[in-house]
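Novice: using only what follows, build the 3D model:
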Amino acid sequence: MADLDRFLPDESFLLDREAADWRDAIRLAGRGLVNAGFTTDAYTDEMIATVEKMGPYIVIAPGLALAHARPSDAVLRTGLSWVRLSTPVEFGNKDNDPVSLVIGLAGHDENEHIEVMSAIAAALMDRRKTQSLATAKTPAAIRTILGS
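Specialist: Here you go, the predicted structure:
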């Protein structure tokens, strides 16, 4: 299991936040990455540009978007942000909209990137865990659910 305290510190969480649209939701994910020291603000712009260019492929499951961009100088170190929206937003993915959870991913090193994503993906495949994650009150509670 990835070291969630290192890759998903308290500073990277924004829980029960409002977003006007998908761009705003990605900006929140970017803020979490910046707050934790994983990226610069430029990475947030890169994540938005990726969706503008490639479409809403980042909406990988019902209600879940994995916001990311290619590795760049804007990534200071590998990490995640966790944004739970109080009101879901549309990304334009007919199969998986609306989105209420946006996970920001900044990959600095390919191996760490894969390790972190594998750990998160495994947790999110478990329906009981996803239900618990939707109501968990604190970053520590979310990390506990992900790690169990």
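
Novice: so what's the residue nearest in space to the middle of the chain scoring on pLDDT?
Specialist: Nearest to the mean C-alpha position of the chain, counting by CA atoms, centre = their mean, stands Ile103 at 0.9 Å. With respect to pLDDT, Ile103 scores 94.

Novice: show me where the protein has helices.
Specialist: 4-7, 22-35, 41-54, 110-124, 127-135, 139-147 (DSSP state H).

Novice: these: lowest mean pLDDT?
Specialist: Ranked by mean pLDDT, those end with helix 110-124 at the bottom, a mean of 74.

Novice: what are the buried residues along that one?
Specialist: 112-113, 115-117, 119-120, 123-124 (16 or more other CB atoms under 10 Å). No exception for glycine: its C-beta is placed from N, CA and C like everyone else's.

Novice: alpha carbons of that helix, as CSV, please.
Specialist: Output of helix 110-124 as CSV, limited to C-alpha atoms (Å, rounded to 0.1, in the frame of the first residue of the first chain):
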residue,chain,number,x,y,z
GLU,A,110,6.5,6.9,-12.9
ASN,A,111,6.8,4.2,-10.2
GLU,A,112,5.3,6.3,-7.4
HIS,A,113,2.6,7.4,-9.8
ILE,A,114,1.6,3.8,-10.4
GLU,A,115,1.9,2.8,-6.8
VAL,A,116,-0.3,5.6,-5.6
MET,A,117,-2.9,5.0,-8.3
SER,A,118,-3.0,1.3,-7.7
ALA,A,119,-3.7,1.9,-4.0
ILE,A,120,-6.5,4.4,-4.7
ALA,A,121,-8.1,2.3,-7.5
ALA,A,122,-8.2,-0.8,-5.3
ALA,A,123,-10.0,1.1,-2.6
LEU,A,124,-12.4,2.7,-5.0
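
Novice: who's in contact with that helix?
Specialist: By CB atoms under 8 Å, 6 or more residues apart in numbering, the residues outside helix 110-124 that reach it are 1-2, 4, 7, 61, 64, 66, 71, 78-80, 103, 105, 107, 129-130, 133, 145-147.

Novice: hmm, 7 Å instead?
Specialist: Outside helix 110-124, the residues within contact range by CB atoms under 7 Å, 6 or more residues apart in numbering are 1-2, 7, 61, 64, 78, 80, 103, 105, 107, 129-130, 146.
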